Structure formats: structure tokens, C-alpha cells
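**Q** quick one, what's the 3D model for this:
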Amino acid sequence: MRIGIFDPYLDALGGGEKYMLTAASYLSKKHDVSIFWDQQDVVQDAAKRFNLDLSKTKIVNNIFSAKVPLYKKYLSSKKYDIIFFLSDGSLPLSGSKLYVHFQFPVEWVNGKSFFNQFKKRRIKKIICNSYFTKAFIDTKFNVDSEILYPPTYFKNNFPKVEFKNKQNQILNVGRLSSLPDGGLFKKQDLLINAFKQIIDSGTKDWEMVLVVSFLDRDKELVEKLKKQAVGYPIKIFENVSLDELNKFYSQAKVYWHASGLGEDLKTHPERAEHFGITTVEAMLNGLVPVVMNAGGQKEIIRDFQDGFLFNNEEELINKTTSLIKDEALIIKIAKQAQLKANQFSTDRFCEKLDEIFR
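**A** The predicted model follows:
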């Protein structure tokens, strides 16, 4: 088949991009796969960042660019048997079979408008990255979407964990980007505040490692975090390679994730973590996840079994402090976390993708 793949955030190289490009890599083994984008080097960067073989894919002109008239988008799309489209809230008008992926709720969209209902007729299947996202999308567009959890590692490439080599580190990995009201989506600033309180309470010989990825336009956000961290054992690493990221995963003992902390998630459910790829990656690497009790994180973590869920800063600090004081508990929960994370392998992602497209 001729398959076209579109992701409007491709230059951000976040979790959604790993999702779509893993699909592109896998599908290109059997099909003619084109990626709609106007810069050639972005796929080379993505191949390195996500360790993907994209050599059999090709970059073609972005027919979904805002500069392309609607009728040209429709006519150009007819050249393909299937288009796999990551939505930013919009639905394309397609001349081919359309599979639309939603990775977050789009509560600002009128999904039942006449035009969206008309475009929905060309959609073969709507795919969501979690039951959390599905609940909102199904209601919004009056559909029964399919769940396809994001990919992490292939089973033959699962990390080998050496607990004796781990250090007293709390790790957080995430894209650095701001919300419309000025806050950070991944809440790195709130995590720094929480860790500073842990240190101020007398905890010694522990450090925090923040691994952030960002676009050039967001460089000033990094500088703010660095100023906030001054005087505390907090290290910030920027736009690291995959090998460097894996090193950080192998060293740390605890993983923090706080998207949604302090937010009104009834009004803005999209501000919760929609799934949590980095959480699963951390679990596979033998880290104990301590994450926000919201969004897709609740589908990954069972509280006090294979990780810990918190609802506010106080719970984050208390549960983490209990871990810091109990090395045996860290190892026990970390092993359970590894077992749970096995459910989210790239192998399962590819198998399910085959089922959906078939």
C-alpha cells in the first residue's frame, strides 16, 4: 500500500513523534511510506533521537500545510491508499482511507459540527494513546475509538538493570514547553521546588537530574530553571542523545512526573499527562515512578504496587521521602514496575497497528 503519515509537531520530537515515526518505520518494511514535511533533516534527527530505521521512508511535500488550499489537499491525498494523521484537534478532508490519531483531549473543538461530521465519513478509524484520551475523544466526536498504547522498547532490547550500580538520584525527563497562561506543561519548575524542600528537610546525598528537550525559541525557559536550581544538588541536561538518556535512566533510582499538578483538570483535561512514555521507559530501567494521579498515568501505575501516585506537592514529597529512607522498598517496587512496563513494548504496538490497519 501507499501510506502517508502526517504529524504537525514533527520538529518537536516528543512522545507523539516517537509514536508516529515508530509506526512509519514499522510500516515501511512492507509498504511504500511517505512522511509529509517540508524539511528533509527532521527525519534524520528523529532516527537518531529515537533509534529508528527510517531509511525506507521518504519525505514529501507537506500537503497538510496551512499554505496548501483545501482542494489541493484533497486531490493530493487521493494518491495514497491510507493516510495516518496525528490530529492537533482538526480533522483533514481526505480522498483516501483515513486513520486519525489523538494523543490528548481537544475540548476546545466542536466535534459535532456539520463540517467535522462530514469529514468524519472518510475516517476508517480513530486511534487514541490511552483510555484517558479515548473517553474525551469518543464523547467529542461521537465515535468508538481504538486504543493503541505508545511504543517504548522492543522486547529483545529491554534494558538490563543493575541495581547495585544505581545512584541516589531522582530523574525527570520531558519536553520543556509553556502553557498559554505561562506555566510549564511538564511542571519542571514545581518539581524543583519539591526537591528543594526535601533537601531543606535534612535529606543528604541525593540529587535531582532534569533532562529537558526544547526548541530554540524556548531556550529562555531553561535559563529560568537553572536560576531556580542554584544552590541545590540539581543538574539540568539539555537535548541529550539517546545514549546519554539511557545512561541517566540506568543511574537513577526514582522517577518523577508531574504534568497536571496544580491545574484545574476538569476545565483543562489536556494538561494532564495523556499517557506517559517516559514513565514506562523509566520503569523498564528499574526506576520507581512517583507520578501525578491523573490522565494516562493511572493506567500505568498501581499505587503502592508498581509505583506511587500523588495528588499534590505534599504527597509527592512524603512518598518520595519514604522511598529515600527505605532502599529495600525501592528495589521491591522497582522490580514490580519492570514487570508492569513489559505490557507496553514496541512489539505490542506493532502487532496492534497491524490489526488496526488490516
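
**Q** secondary structure class of residue 273, three-state.
**A** coil (DSSP: H, G, I helix; E, B strand; the rest coil).

**Q** let me see the contact set for the closest residue to it other than its chain neighbours.
**A** Nearest residue to residue 273 in three dimensions, chain neighbours excluded: residue 259, at 4.0 Å (Cβ to Cβ, 6 or more residues apart in numbering). Any C-beta I mention is one placed from the backbone N, CA and C, and that applies to glycine too. If you count contacts by Cβ atoms under 8 Å, 6 or more residues apart in numbering, residue 259 has them with 174, 185-187, 271-273, 292, 294-295.

**Q** quick check: mean pLDDT across stretch 169-186?
**A** Averaging pLDDT along stretch 169-186 yields 94.

**Q** just stretch 3-23 next, same as before
**A** Stretch 3-23 comes out at a mean pLDDT of 94.

**Q** quick check: buried residues in it?
**A** Within stretch 3-23, the residues scored as buried using 16 or more other Cβ atoms under 10 Å are 3-8, 10, 12-23.

**Q** all helices of the stretch 51-200 of the chain, in order?
**A** 70-77, 114-120, 131-141, 188-200 (DSSP state H, counting those that start in this stretch).

**Q** what about residue 156, neighbour count?
**A** Using other Cβ atoms under 10 Å, residue 156 has 7 other residues around it.

**Q** now do it against residue 56, distance only.
**A** To residue 56, residue 156 is 20 Å away according to Cβ to Cβ, to the nearest Å.

**Q** repeat that for residue 96.
**A** From residue 96 to residue 56 the distance is 20 Å (Cβ to Cβ).

**Q** got it, and residue 34?
**A** Distance from residue 34 to residue 56, by Cβ to Cβ: 11 Å.

**Q** cool, and residue 251?
**A** Distance from residue 251 to residue 56, by Cβ to Cβ: 35 Å.

**Q** repeat that for residue 184.
**A** Residue 184 is 37 Å from residue 56, by Cβ to Cβ.

**Q** who has more neighbours, these two?
**A** For residue 184 versus residue 56, neighbours defined as other Cβ under 10 Å are more numerous around residue 184 (22 against 14).

**Q** wait, what's in contact with the more buried one?
**A** 176-178, 190, 221.

**Q** got it, and residue 334?
**A** 161, 163, 253, 283, 286-288.

**Q** next, it: secondary structure please.
**A** helix.

**Q** helices - which of the buried residues of stretch 3-23 land there?
**A** The helices, defined by DSSP state H, take in 15-23 from the buried residues of stretch 3-23.

**Q** the residue of the chain positioned farthest from its centre in helix, strand or coil?
**A** Centroid-distance maximum for the chain: residue 202 at 33.8 Å, with Cα atoms, centre = their mean. Residue 202 carries the three-state label coil when classified by three-state DSSP.

**Q** so which of the helices of the stretch 51-200 of the chain comes closest to residue 102?
**A** Closest to residue 102 of the helices of the stretch 51-200 of the chain is helix 131-141 (Cβ to Cβ; 4.8 Å).

**Q** quick one: residue 317 from residue 69, how far?
**A** 54 Å.

**Q** the two: which is more packed in?
**A** Per other Cβ under 10 Å, whichever of residue 317 and residue 69 has more neighbours is residue 317, with 18 against 8.

**Q** check for me that the more buried one belongs to a strand.
**A** No: counting by three-state DSSP, residue 317 is not found in a strand; it is helix.

**Q** quick one: contacts for it?
**A** 194, 197-198.

**Q** which of these lies closest to residue 151?
**A** residue 194 (29.9 Å).

**Q** where are the low-confidence patches of the stretch 201-350 of the chain?
**A** Within the stretch 201-350 of the chain, not a single segment meets pLDDT under 70.

**Q** does residue 192 touch residue 227 like I think?
**A** No: the pair residue 192 / residue 227 is not scored as a contact, 10.2 Å apart, by Cβ atoms under 8 Å.

**Q** who has more neighbours, the two?
**A** residue 192 (20 against 8).

**Q** let me know the pLDDT of the more buried one.
**A** So residue 192 comes in at 98 (pLDDT).

**Q** circling back: using TSV, lay out the contacts of residue 317 together with distance to residue 81 and neighbour count.
**A** Formatted as TSV, those follow (distance: Cβ to Cβ, whole Å; neighbours: other Cβ atoms under 10 Å):
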residue	distance to residue 81	neighbour count
194	50	20
197	55	15
198	54	19
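
**Q** between those, which is closest to residue 327?
**A** residue 198 (16.4 Å).

**Q** for the closest one, give me its contacts.
**A** By Cβ under 8 Å, 6+ apart, the contact list for residue 198 reads 206, 317, 320-321, 324.
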